[in-house]
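Engineer: what follows is a predicted protein model with its sequence.
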Amino acid sequence: MRILVVEDEPLLADSVAKWLRGDAHAVDVVNDGAAALERVGVHDYDVVVLDRDLPVVHGDDVCREIVAGDSPVRVLMLTAATAVSERVSGLTLGADDYLPKPFAFPELSARVTALGRRARPAAPPILQRAGIRLDPHRREVFRDGRYVPLSRKEFAVLAELLRADGAAVSAEQLLEKAWDEHADPFTNAVRVAVLKLRRKLGDPPVVLTEPGVGYRIP
C-alpha cells in the first residue's frame, strides 16, 4: 500500500515509517498539517496515519479536508489524549480509526492493514493466479507449491499485479504503489524489479509485458 505518516515528532514518525516499510508498504513522511494536505492532493494514498496535534494546520482540519475530498483514502488518527470523549470526537470528524499514544507497533500495523483493505475493492485474503499463491499477511509467495523468496519491493509489485486480476498495470501505477515519493519517476526501478521477479518465479514466464501499456499476469 501507499501510506502517508503525518507526525510532528520526527523520531516517532521515522520509527512508524520504518515499521510499516518492513511490511512492504511504500511510506511517505511529513511533520505538519499543511505538508500533509499538499501530499494528499498529489498522491493516491491508501491510508493516512495522522497525528491529531499538528503544527501549522491542526490534525482535525487535515482530517476534515481529507473526508471532504471524497477520496477512498482511510485515516488512522493518533493522539496522546486517551479520554473516551477525545476518541469519539476524532471519529466524529471522519477518521476511520483512532489509536491513543503510546501504542504497540504490531497493533498499528494491523490497524493500517485493516484500513487498507477497506480503501481498496474487496479482495480475497490470499491472492492466487497462474499457479502463484501470495499470502499478504505472512508475506509468503509460492509458485506451483514452490516457495519463492522475494524482496519487499518484488513482493509489493507482485501483489499489485495479482490484484489487477489479469489486467495490465502500468509502470507508473507500480511506482505509485510500491515506492515512496523519493523515487525518481524516470528511474528504471520498476523494470529492474520486474526482471528480478520473473527470474525468481521461474519458467515458463508468468509476468508478461504489454508494450506501451505495462505488465500483467494472464
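Structural biologist: Looks like it arrived, so ask away. Residues are numbered from 1 along each chain as shown.

Engineer: CA only for contacts and neighbour counts going forward, please
Structural biologist: Will do.

Engineer: ok, then the element right after the least confident helix or strand in the chain by mean pLDDT?
Structural biologist: Lowest by mean pLDDT, DSSP states H and E among the helices and strands of the chain is helix 84-92, with a mean of 64. Next helix or strand after helix 84-92 toward the C-terminus (DSSP states H and E): strand 97-100.

Engineer: how much space between Leu4 and Asp14?
Structural biologist: 12 Å (C-alpha to C-alpha, to the nearest Å).

Engineer: Phe142 too?
Structural biologist: In terms of C-alpha to C-alpha, Phe142 sits 32 Å off from Asp14.

Engineer: ditto for Leu208
Structural biologist: In this view, Leu208 and Asp14 are 36 Å apart by C-alpha to C-alpha.

Engineer: who's more crowded, Leu4 and Asp14?
Structural biologist: Leu4 (26 against 17; other C-alpha atoms under 10 Å).

Engineer: from the middle of its chain, how far away would the strand or helix carrying the more buried one be?
Structural biologist: Element membership of Leu4, judged by DSSP H and E, is strand 2-6. Mean-position distance between strand 2-6 and its chain equals 8 Å (C-alpha atoms, centre = their mean, to the nearest Å).

Engineer: where does pLDDT dip in this structure?
Structural biologist: Counting by pLDDT under 70, the ranges of the chain that qualify are 81-91, 119-124, 181-187.

Engineer: so in this structure, which helix runs the longest?
Structural biologist: Looking across the chain with DSSP state H, the single longest helix is helix 105-119.

Engineer: from the middle of its chain, how far away would the very next helix or strand once past it be?
Structural biologist: For helix 105-119, the succeeding helix or strand toward the C-terminus, using DSSP H and E, is strand 127-129. In terms of C-alpha atoms, centre = their mean, the centre of strand 127-129 is set 19 Å apart from its chain centre.

Engineer: how about strand 127-129: buried residues?
Structural biologist: By neighbour count with 16 or more other C-alpha atoms under 10 Å, strand 127-129 contains the buried residues 127-129.

Engineer: ditto for stretch 59-75
Structural biologist: 59-63, 66-67, 72-75.

Engineer: same check on stretch 196-211?
Structural biologist: For stretch 196-211, by 16+ other C-alpha under 10 Å, it's 197-198, 201, 206-207.

Engineer: who touches that stretch?
Structural biologist: 130, 143, 148-150, 154, 158, 168, 194, 215-218 (C-alpha atoms under 8 Å, 6 or more residues apart in numbering).

Engineer: could you tell me which of those count as buried?
Structural biologist: 143, 148, 150, 154, 158, 168, 194, 215-217.

Engineer: in helices, which of the buried residues of stretch 59-75 fall?
Structural biologist: Short answer: these in helices (DSSP H) are 59-63, 66-67.

Engineer: next, count neighbours for Ala104.
Structural biologist: What Ala104 shows, counting by other C-alpha under 10 Å, is a neighbour count of 10.

Engineer: again with Gln173
Structural biologist: Neighbour tally, Gln173, other C-alpha under 10 Å: 14.

Engineer: do the one 5 residues further on as well
Structural biologist: Burial measure for Ala178: 24 neighbouring residues, criterion other C-alpha under 10 Å.
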